[in-house]
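> Below are the sequence and a predicted model; questions follow.
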Amino acid sequence: MKGSRTKGTTTIEVGAHGVALITIINPPVNSLSSDVLSSLKDSYEQALRRDDVKAIVITGAKGKFSGGADISAFEKVQEGKVNEPKPDFKLSEVLGDTLEAAKKPSVAAIDGLALGGGLEVAMACHARISTPTARLGLPELQLGLIPGFGAMKSRTFDSIYGTQRLPRLVGIAKALEMMLTSKTVKGEEAHALGLVDAVVPPNELVSVACQWALDISECRRPWIASLYKTEKLDSLGEAREIFKFARAQAQKQAPNLIHPLVCIDVVEHGIVSGPRAGLYKEFESFQELVRSSISKSLVHIFFSLRGTTKIPGITDLGLVPRRVNNYPVILKEVNDQFMQAGIGRVRANLQSRVKKGKMTQEVFEKTLSLLKGSLDYESFKDVDMVIEAVIENVSLKQQIFSDLEKYCPPHCILASNTSTIDLNLIGKQTKSQDRIIGAHFFSPAHVMPLLEIVRTKQTSPQVIVDLMDVGKKIRKTPVVVGNCTGFAVNRMFFPYTQAAILLVEHGVDLYEIDRVITKFGMPMGPFRLADLVGFGVAIATGMQFVENFAERTYKSLLLPLMQEDKRGGETTRKGFYLYDDRRKAKPDPELRKYIEKARSISGVAVDPKLARLPEKDIVEMIFFPVVNEACRVFAEGIAVKAADLDIASVMGMGFPPYRGGIMFWADSFGSKYIYSRLEEWSKTYGEFFEPCAFLAERSAKGAPLVRHLNF
Ligand SMILES: C[C@H](O)CC(=O)SCCNC(=O)CCNC(=O)[C@H](O)C(C)(C)COP(=O)(O)OP(=O)(O)OC[C@H]1O[C@@H](n2cnc3c(N)ncnc32)[C@H](O)[C@@H]1OP(=O)(O)O
């Protein structure tokens, strides 16, 4: 499937004025596949040979310069399908020998995007012209790599300087920021930084670039090889300070990741010891990084994320999303006080964006003006979509859906933000089953990227396609799942909390669990999370699971006991932690008494082995039950692809993307190992750990959970 895209070509067109226009053509993003690079080299050589060519302009077809190296080529190396990545890594020759050292000048004409290898091609040109909307950046770190895969060919050492050009164009600090955050800059900013030489409207792009190239060839403009620019480089002393600061930041923000530090090392080496020394380091580092588990995981996430938009029988029907009007929102509440509070929360969230400089005052006012409050259904007669978001109470939801059916127009999508309740139950008293759908946002909804779209057997494909479109437009990541109690994410979350409580009752230190799980890469451990969610919600959700999956629910009274004592989590300032005015969490020695009481009610004795459980075992005992539930979710067809659960776990649970998502991570252990561990624990600690039939089957076959199952 992905292989078919590693094609592409370039065209060359020589104008009367003596400029050769080379165009990269490889839809959809003009990535630099092996074929594109070979063709680019051929086109360049032709332009250099021809006497009627004085200068060269390089651009991308259909308003996109280039989305960078072909990422599926990395995947092939990582899967061991290509031993020596040579054929797909020709950028070095193109960048150095052919382009920058050529005897005719080149100018890049950038529209749309110039990312990764795409920007490197542009930086190896002698000037760059861009449109105002073009986005330029080096996002390789998002793939667990560093910029500069040209370095993979040792033979061409002299010509390749991947991480070396950007600092020389925009300065070390800005270059590091761009690489470490993977953020792009737009045309005007790129101009101000010195990354591009001029910004022009799209219709003038190619003509200005051609004139610029002629001007260079006829010495009316300077001929600049970015690699040899020095005026943007800081003094060595200042540079060292910048590197020190960048390292401290990288370590603080992503303590489990090595590649940001490698990137800093490589840039530093190039500055301190010169580009050639930097190059050797880059070469070695890239070789290691492209095969690292982090890069494998992040490349898997890249493709899996895009895979969530492809749902057999839904997105392949040629349906066009219906227009949902852009997007006035009516907030309906039961009384004025709640309504004002709701609007106030939205206002506060938006205001905090303005304060952080992420939103202008003008956009703030416009956005807020789209929100209206209402206490009745009168204004619902011409809405396109409703999202119900009341408490998890089945009869209340049923009543609301009956009302919605009465007041809303017949085309209106009726969505519920329920996190656990079966949608068939919610819509039971209506005749609108085909337009009932789950739109499950994750708390805090304005921050968490996942939108779990829940379809029932009756939900119409059109409604699903519509909601996927709305999800994308409001910048969420929609993942479509099937209907069941808890859907995909909360079903995976439930054993996460349950395993933690089971371990605590058997003697593992509660705060140690949170520490180990945070160190593993989760944004917070299960107990800190329970405090954030609030015990009321946690207990209500738990009840749904007790009712529906009784046999594998670990029944503990720890939460109810604490709630009885008015410890309800963060909002009551007391939960598993104590909270000060700034919501900073502090462990509470008092907790021991609740644990002991819960333990005695459960009839559980402290297991001395668990009391000294190593970190590795804590991670496995918390996450293997999550894997087990994910396997059930997949086997029941709730998730279309196992890789969808990887995305759901990353976007909805905060599972670290650099571990590839829950199923991909599980495959790094192998189904056999996970099965045997769960089986062993189920004998000692009960049914909660019992491996499911799907895992047993994968284990018996020695088969992986993600790969080979998706396609
Ligand atoms: C030389 C360097 O050191 C190494 C590198 O260059 S590494 C690559 C660096 N480039 C990147 O990381 C850019 C990755 N791509 C993106 O961020 C986004 O795709 C984009 C901003 C280019 C376009 O976004 P958008 O318009 O939303 O389209 P999106 O759905 O993401 O992509 C469209 C299709 O192009 C594919 N695609 C995008 N970039 C690709 C790439 N660099 N290689 C291969 N396929 C790519 C996607 O997989 C998707 O395929 P599909 O239709 O089969 O699902």
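Sure, I can see it. Numbers count the residues shown, from 1 in each chain.
> Leaving out the residues flanking it, which one is nearest to the residue in the stretch 401-550 of the chain that the ligand sits nearest to?
Closest residue of the stretch 401-550 of the chain to the ligand, C-beta to the nearest ligand atom: Lys472 (8.9 Å). To be clear about C-beta, it is placed using only N, CA and C from the backbone, and glycine gets the same treatment. Closest residue to Lys472 apart from its sequence neighbours, by C-beta to C-beta, 6 or more residues apart in numbering: Pro478 at 6.5 Å.
> what does Leu214 give?
Ala55 (5.5 Å).
> Same check on Asp434?
Ser460 is the one closest to Asp434 (C-beta to C-beta, 6+ apart), at 4.5 Å.
> contacting residues around the closest residue to Ser292 other than its chain neighbours?
Leaving out its chain neighbours, the residue that sits closest to Ser292 by C-beta to C-beta, 6+ apart is Gly144, at 6.1 Å. Applying C-beta atoms under 8 Å, 6 or more residues apart in numbering, we find Gly144 in contact with His259, Leu289, Ser292, Ile294, Ser295, Lys296, Ser297, Leu298, Val299, Tyr658.
> and if you look at Glu188?
Taking C-beta under 8 Å, 6+ apart, one finds Pro132, Val199 in contact with Glu188.
> Which element, helix or strand, includes it?
Element membership for Glu188 (DSSP states H and E) is helix 187-193.
> partner strands of the helix or strand following that helix, parallel or antiparallel?
Next helix or strand after helix 187-193 toward the C-terminus (DSSP H and E): strand 198-199. According to DSSP bridges, strand 198-199 forms sheet pairs with strand 127-130 (parallel).
> what about Val324, how many neighbours?
Neighbours of Val324 under the rule other C-beta atoms under 10 Å: 15.
> one step back: can you read off the backbone torsions of the residue nearest to Leu214?
phi -150, psi 170 (degrees, to the nearest 10).
> shouldn't it be in contact with Ala213?
Yes: Ala55 is in contact with Ala213 according to C-beta atoms under 8 Å; the separation is 3.5 Å.
> Compare neighbour counts for these two and give me the winner.
Of the pair Ala55 and Ala213, Ala213 is the one with more neighbours under other C-beta under 10 Å, namely 31 against 24.
> So the more buried one sits against Thr59, correct?
No: using C-beta under 8 Å, Ala213 is not in contact with Thr59; the gap is 11.3 Å.
> For the residue in the chain positioned nearest to the ligand, which non-adjacent residue is closest in space?
For the chain, the residue closest to the ligand is Gly116, as judged by C-beta to the nearest ligand atom, at 2.5 Å. Nearest non-adjacent residue to Gly116, counting by C-beta to C-beta, 6+ apart: Gly68, 2.7 Å away.
> repeat for Phe576
Phe527 (4.0 Å).
> Quick one: name the residues of the protein near the ligand.
Contact residues, the chain versus the ligand (C-beta under 6 Å from any ligand atom): 28-29, 31, 67-72, 91, 113, 115-117, 120, 139-140, 143, 147-149, 162, 306.
> do that again at 5 Å, thanks
Listed as neighbours of the ligand in the chain under the rule C-beta under 5 Å from any ligand atom: 28-29, 31, 67-71, 115-117, 139-140, 147-149, 306.
> Restrict these to the buried ones and give me that as a ChimeraX selection.
Selection of the buried residues among those in ChimeraX, burial being defined by 16 or more other C-beta atoms under 10 Å:
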select :29,31,67,68,69,70,71,115,116,117,139,140,147,148,149
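> Tell me which of the residues of the chain next to the ligand fall in helices.
Secondary structure from DSSP state H places Ile71, Gly117, Arg306 of these in helices.
> My guess is the first one contacts Gln142. True?
No: proximity of Ile71 to Gln142 does not meet the contact threshold set by C-beta under 8 Å, at 10.3 Å.
> any idea which helix or strand comes after the helix or strand of the chain with the lowest mean pLDDT?
Ranking every helix and strand in the chain by mean pLDDT, DSSP states H and E puts helix 91-93 at the bottom, with a mean of 56. With elements assigned by DSSP H and E, the helix or strand that comes after helix 91-93 is strand 106-110.
> okay but Asp234 is in contact with Lys174, surely?
No: using C-beta under 8 Å, Asp234 is not in contact with Lys174, being 11.0 Å away.
> count of residues packed around Ser395?
9.
> Pop out the phi and psi values for it.
Per degrees, to the nearest 10, the backbone of Ser395 is at phi -70, psi -30.
> Repeat that for the one 5 residues further on.
The phi/psi pair for Ile400 (degrees, to the nearest 10) reads phi -60, psi -40.
> Contacts only, for it.
Here Ile400 is in contact with Glu388, Val390 (criterion: C-beta under 8 Å, 6+ apart).
> Many thanks, have a good one.
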